[in-house]
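A.B. asks: structure for this input, please:
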Amino acid sequence: MSAKGSGDSEIKNVPALPHIDKRRPIPHYPTFWSWLAHSIRYFIYVVLHVIYSFIQYHVVWRLNGTLQQLEDSYKPENYERSAQVLRIVLTYRYDIILQPSSMLDFFLVHEKFVHPEEVLKDNVDIYFVDEKKIIFTEAEEGVQQWRNDYHVIIRIAQYQQAVRVILLPQHAATKLAEKVGDPKAKLIILPNTARCGGTLCGQIFERTGKCVVISEPGGLQSIAVFEQDKMPSAKLDVITKAVLRLSCKPVKNPKEVVAYVFKPIAGTLGTITAIQRVYPDTKFVFCYRDVKSMANSIQKLRYSNPLIRMMWWGGRRSALLMREALKLAGLTTKMTLKLEHPLDLGFVTWAVSVRTFLDMQQQGVNMVGFYYDDLLKNKQYAVEKVFEYTGMPKDLVEAGVRGLDRDSQGNSGISNKNYSVYEDYKLSPELIQLGNRVNKLFGLPNIDGDLRVEGTISGEK
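C.D. replies: All right, here's what the predicted structure looks like:
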């Protein structure tokens, strides 16, 4: 039986996916006033959340004994009942796509404490990590939240599908991860610039029917933040290994997993350094595309990503605000420049990401580039080269190529179709000059030239 709603009859032995239509749509904010109204609503939500959490933690849980049980769960001797399960009664996020995951996303009610192995179920996935615990979301039974059919971004699938949250102290997560052991298949990471074909590249792997592909997980974003904040390597390596081991847990389907593929959130290249330390055989493929197309796609995200609208608003006024906004998005740079045009959002994002990729290569990170525009020229050859580099079996190439027949972002709410109502800017000489100005600051080629940088695989046959 083919997966319900998968649109690919070549995938066999995949059961119909439950709750495929359970969605909270991705809202768009086409005007300044709709964005402002949303910002005010979220401010009210945050205030109510702070009040609710304070009363629950300091009054309700103290009176009913939950607080004592929670404190006990952080003691290693209480490992077997260290996982706290909480039911979601309300969830709301300011930016569903870009906002870092946090406990602020949910109004929660305590249910019980259970054995840590509860998080190994197929319908449970890591939501984010802090220094004391790993936070998971649990969906209805049978829902594998990582599947592209639910959403192209796992954090959005979790927002749409989760019914419970499970908190696991770091001591318990580390012990459980040791029991799970190292990933039993190849580990492949797809860092990217955003709007660059990275999701499609992930779909190529998933459509083989032999890969677990986890797109933009909050756990890897947390690791990137820890790396950026200079957490001691010894401590971060323990967390990184636990996150990867628990993310690469055995799954019911596919029964045979050839590779675990992670597409991190755009710009969070700090993840790469930490992962390479604990699993040096990991394959890293940096996804990027022609900056002119990417910039037009990025600027449209202002209408669905309140944080990008905020970046545009602040970046026009202050180079310092722009740099801090980039830092929030995981992009670290010493360059300072103000935004002059909406396309600058994409020009700067592309330049910072590609420059970081090249610098990391020079520092010894074993990573290659994958230029999306090469895929458009010769699908078969491009997939062959990517699979060859990542060590994927040759007999899966044809299945991977068939994955290109489907819109990778389909009904996600963030596809090109969804953004087609917004303006595309024609690349006038003045706008090309703006892009060249940005690239020059970062030592990159002019945007009207050949943008395939050194260390890129594929190309025309």
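
A.B. asks: and the host helix or strand of V368, what's its mean pLDDT?
C.D. replies: When secondary structure is defined by DSSP states H and E, V368 falls within strand 367-371. Mean pLDDT, taken over the full extent of strand 367-371, equals 95.

A.B. asks: and if you look at stretch 111-131?
C.D. replies: Stretch 111-131 comes out with an average pLDDT of 98.

A.B. asks: straight-line length of that stretch, end to end?
C.D. replies: Between the opening and closing residues of stretch 111-131 we find a distance of 23 Å, counting by Cα to Cα, to the nearest Å.

A.B. asks: please identify the buried residues of that stretch?
C.D. replies: Buried residues in stretch 111-131, counted by 16 or more other Cβ atoms under 10 Å: 113, 116, 118-120, 122-129. For every residue, glycine as well, the C-beta is placed using N, CA and C.

A.B. asks: try stretch 144-163
C.D. replies: Neighbour-count burial for stretch 144-163, counted by 16+ other Cβ under 10 Å, picks out 144-162.

A.B. asks: low-scoring stretches of the stretch 1-150 of the chain, by residue?
C.D. replies: 1-16, 20-23 (pLDDT under 70).

A.B. asks: tally of neighbours for I40?
C.D. replies: A count of neighbours around I40, defined by other Cβ atoms under 10 Å, yields 10.

A.B. asks: packing partners of the helix or strand containing it?
C.D. replies: Using DSSP H and E, the element containing I40 is helix 32-55. For helix 32-55, the elements it packs on are helix 306-315, judged by 3 or more Cβ pairs under 8 Å, 6 or more residues apart in numbering; DSSP states H and E.

A.B. asks: in the helix it packs on, what's buried?
C.D. replies: Buried, per 16+ other Cβ under 10 Å, within helix 306-315: P306, L307, I308, R309, M310, M311, W312, G314, G315.

A.B. asks: just to revisit the earlier point, okay, and which of the buried residues of stretch 144-163 map to helices?
C.D. replies: In helices, defined here by DSSP state H, the members of the buried residues of stretch 144-163 are I154, R155, I156, A157, Q158, Y159, Q160, Q161.

A.B. asks: ok, so of the residues you listed, who is nearest R452?
C.D. replies: Taking Cβ to Cβ as the measure, R452 lies nearest I154 of these, at 29.8 Å.

A.B. asks: F136 is in contact with that closest one, correct?
C.D. replies: No. With the criterion set as Cβ atoms under 8 Å, I154 and F136 do not qualify as a contacting pair; they are 11.8 Å apart.

A.B. asks: now for the two: what residues contact both?
C.D. replies: Residues touching both I154 and F136 comprise D125, with contact defined as Cβ atoms under 8 Å, 6 or more residues apart in numbering.

A.B. asks: regarding the residue of the chain positioned farthest from its centre, what is its secondary structure?
C.D. replies: Outermost residue of the chain with respect to the C-alpha centroid, by Cα atoms, centre = their mean, is L63; its distance is 38.7 Å. Using DSSP: H, G, I helix; E, B strand; the rest coil as the criterion, the local structure at L63 reads helix.

A.B. asks: check the residue positioned nearest the centre of the chain and give its pLDDT.
C.D. replies: Nearest residue to the geometric centre of the chain (Cα atoms, centre = their mean): E216, 1.3 Å. Note for E216: predicted pLDDT of 96.

A.B. asks: need the contact list for it.
C.D. replies: When contacts are taken as Cβ under 8 Å, 6+ apart, E216 is in contact with I153, I154, R155, K263, P264, I265.

A.B. asks: so in terms of bridging, what pairs with the fourth one?
C.D. replies: The bridge-partner assignment for K263, based on DSSP bridges, gives S215.

A.B. asks: name the nearest residue to P183, ignoring sequence neighbours.
C.D. replies: For P183, the nearest residue in space outside its immediate sequence neighbours is C248; the separation is 3.8 Å by Cβ to Cβ, 6 or more residues apart in numbering.

A.B. asks: counting neighbours, what do you get for the one you found?
C.D. replies: Each residue near C248 was counted by other Cβ under 10 Å, and the total is 22.

A.B. asks: now do the contacts for it.
C.D. replies: V180, P183, K184, A185, L187, V212, Y260.

A.B. asks: can I assume V251 sits in a strand?
C.D. replies: No. Assigned with three-state DSSP, V251 falls outside any strand and is coil.

A.B. asks: that older thread, show me which pair in the buried residues of stretch 111-131 is furthest apart.
C.D. replies: Between any two of these, the greatest separation by Cβ to Cβ is 21.5 Å, found for F113 and D122.

A.B. asks: how about the helices in the stretch 51-200 of the chain?
C.D. replies: Shown for the stretch 51-200 of the chain, the helices assigned by DSSP state H, counting those that start in this stretch span residues 61-64, 66-73, 154-161, 170-180, 198-206.

A.B. asks: quick one: which of the buried residues of helix 306-315 is nearest T271?
C.D. replies: L307 (19.2 Å).

A.B. asks: next one, pLDDT for the closest one please.
C.D. replies: pLDDT for L307: 88.

A.B. asks: contacts for stretch 19-36?
C.D. replies: With Cβ under 8 Å, 6+ apart, stretch 19-36 has contacts from 4-5, 38, 96-97, 139-140, 142-143, 149-150, 156, 159-161, 303-304, 306, 309, 412-414, 418, 422.

A.B. asks: quote the end-to-end distance of that stretch.
C.D. replies: Taking Cα to Cα, stretch 19-36 runs 33 Å from one end to the other.

A.B. asks: these two touch, right, L404 and E206?
C.D. replies: No. In terms of Cβ under 8 Å, L404 does not count as a neighbour of E206; the distance is 11.9 Å.

A.B. asks: neighbour count: the two, which is higher?
C.D. replies: E206 (25 against 19).

A.B. asks: quick one: that one and V213 touch, right?
C.D. replies: Yes. When contacts are counted by Cβ under 8 Å, E206 is listed as touching V213 (4.1 Å).

A.B. asks: what strand or helix carries V213?
C.D. replies: Using DSSP H and E, V213 maps to strand 211-215.

A.B. asks: what's the neighbour count on P76?
C.D. replies: Each residue near P76 was counted by other Cβ under 10 Å, and the total is 11.
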